[in-house]
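# sharing a sequence plus its predicted fold:
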Amino acid sequence: MEPGFVGAIALVVSFGLVVASPVVAVAAWALSTRRDSFGDALGTVAAVAVGLFAAVATALAAFVDPGAGLIFGVVAVAASLVLAVFPVVFGRQLLDRWTVLDADETLQYATLGWPVAMVTSAALFVAPGGLARYNVLFLEGLAATVAWLTLVLVVTLGPAVAGLALYNAVERVV
């Protein structure tokens, strides 16, 4: 397999996470209305997502190439840690400092802010040229540095900032 294949898988997984982020957040929120804890609901939804990733990796390994399934599995785990788990956990910690919410509520607001960060990061990724043209991968020099730092900040701080905005909006209504 060539290096371009791994990059293509990384892009597919990343944009798959962008598309899945609102589904995961809304499903966890909806499930939490029937459970005592948002963390338990999020764990259930995450387990289903892991099962789907495993099914896709197994299908790739069985029908395409075992290496393709392995690469997809490794990239999916890495992307999930970098684009989902770390930002939500970091957002939860920041919301814990910025608000008077308990741990479960900060997790809820960080999770509900996560899709906003993911969609914003996808928009920034394709911003240099749109969907049909160049994206951030084609930038060089200072433009590339600024673009990548902006993406890192949006992905890392986005769940906390969007969660805080949602919290403030809810508090004003109540």
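Received it, and whenever you're ready, just let me know what you need. Numbering: from 1, shown residues only.

# how about the contacts made by Gly7?
Gly7 is in contact with no residue at all, counting by Cβ atoms under 8 Å, 6 or more residues apart in numbering. Every residue, glycine included, has its C-beta placed from N, CA and C.

# which strands and helices lie in contact with the helix or strand encompassing Gly67?
Gly67 belongs to helix 66-80 when assigned by DSSP states H and E. Applying 3 or more Cβ pairs under 8 Å, 6 or more residues apart in numbering; DSSP states H and E, one finds that helix 66-80 makes contact with helix 3-32, helix 38-63.

# nearest to Val119, out of those helices?
Among these, the nearest to Val119 by Cβ to Cβ is helix 3-32 (6.2 Å).

# buried residues in that closest one?
Buried residues in helix 3-32, counted by 16 or more other Cβ atoms under 10 Å: 9-10, 13-14, 16-18, 20-21, 24-25, 27-29, 31-32.

# and of those residues, the nearest to Gly69?
Nearest member of these to Gly69, counting by Cβ to Cβ, is Ile9, at 10.5 Å.

# returning to that earlier point: after the helix holding Gly67 comes which helix or strand?
Counting by DSSP H and E, the element after helix 66-80 in chain order, helix or strand, is helix 86-98.

# quick check: buried residues in that next one?
So for helix 86-98, counting by 16+ other Cβ under 10 Å, buried means Pro87, Val88, Phe90, Gly91, Arg92, Leu94, Leu95, Asp96, Trp98.
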